[in-house]
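K.L.:
model the structure of this input:
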Amino acid sequence: MRALPGRDARSRATAPAGVTRESAKADQRRRILRATGELVAERGYDSVTVELIVKRARVSYKTFYAHFAGKEECFLELFDETMVQTRAAIEAALVEQAGAPWPRQVVAALGALFEVLLADPLIARASIVEAPTVGPSIIERYERAMSDLSPLLRQGRELSPYRAELPETLEDTLAGGVLWSAYQRLIVGQDEGIESLLPDAIEFVLRPYLGEEEAARWAKSAREQTAGEAASAAS
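P.N.:
Down below sits the predicted model:
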């Protein structure tokens, strides 16, 4: 529909400084993705409709469909963006620990993972808990995300005197176990308890490579550090 005479001029006159068409579109897209994640976390994927998304995002149907073909495409993009951010956080943590002993790198990677989950538990719930319910379109993405830690964990085989006996699928099993622990908390809404999983996750992951005693030592160190940080933040 062509704008009425003077309407464009009035829009330009009242538009906030620095707002461009591109930035407005980016903000719409961000709101749509955010609304989708929140609704999926709250209601479950199957119960979310485009109508609910546009109401939560405060956009029109036309705007929604200008960005996405439908609910599934929107959720897939949200999932992909979440995984990209998670990978980036883990990679940044590993860069900071470049040259550090392998257990220290594992601790840093797991810490980064849990920080991402804690930073936005609603989106984490949507991505970890609800994503598998979407259907075949997301299975490959989901499985790939679940095994992101596997290459790092595989390096631990060089430290294990039992490396020849370790199952070929061990790393994928460990990575999946870490996320399953988070899943169990997220599925019942215990978001605040995720951080307490970090020491247990460290011990769970390191034990097959370093043995029970050494893995427990790394877990204890992480637990003490977490407690110290919490005390500092409270004071």
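K.L.:
neighbours around Pro208, how many?
P.N.:
Pro208 has 22 neighbours, counted by other C-beta atoms under 10 Å. To be clear about C-beta, it is placed using only N, CA and C from the backbone, and glycine gets the same treatment.
K.L.:
residues in contact with it?
P.N.:
Shown in contact with Pro208 (C-beta atoms under 8 Å, 6 or more residues apart in numbering): 156, 160, 166, 170, 174.
K.L.:
quick check: end-to-end length of stretch 120-136?
P.N.:
26 Å (C-alpha to C-alpha, to the nearest Å).
K.L.:
what residues of that stretch count as buried?
P.N.:
Of all the residues in stretch 120-136, those buried under the rule 16 or more other C-beta atoms under 10 Å are 120-131, 134.
K.L.:
avg pLDDT for stretch 78-86?
P.N.:
Taken as a whole, stretch 78-86 has a mean pLDDT of 93.
K.L.:
what's the first helix or strand after the lengthiest helix in the chain?
P.N.:
Looking across the chain with DSSP state H, the single longest helix is helix 71-96. Per DSSP states H and E, the first helix or strand lying C-terminal to helix 71-96 is helix 102-119.
K.L.:
alpha carbons of the next helix or strand after that following helix, in CSV - could you do that?
P.N.:
Using DSSP H and E, the next helix or strand after helix 102-119 towards the C-terminus is helix 121-125. In CSV, the C-alpha atoms belonging to helix 121-125 read as follows (Å, rounded to 0.1, in the frame of the first residue of the first chain):
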residue,chain,number,x,y,z
PRO,A,121,17.9,-20.3,31.2
LEU,A,122,14.7,-19.8,29.2
ILE,A,123,16.5,-20.0,25.8
ALA,A,124,18.6,-22.9,27.2
ARG,A,125,15.5,-24.8,28.1
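K.L.:
thinking again about what came up before, so which of the contacts of Pro208 are in strands?
P.N.:
Per DSSP state E, strands hold no members of the contacts of Pro208.
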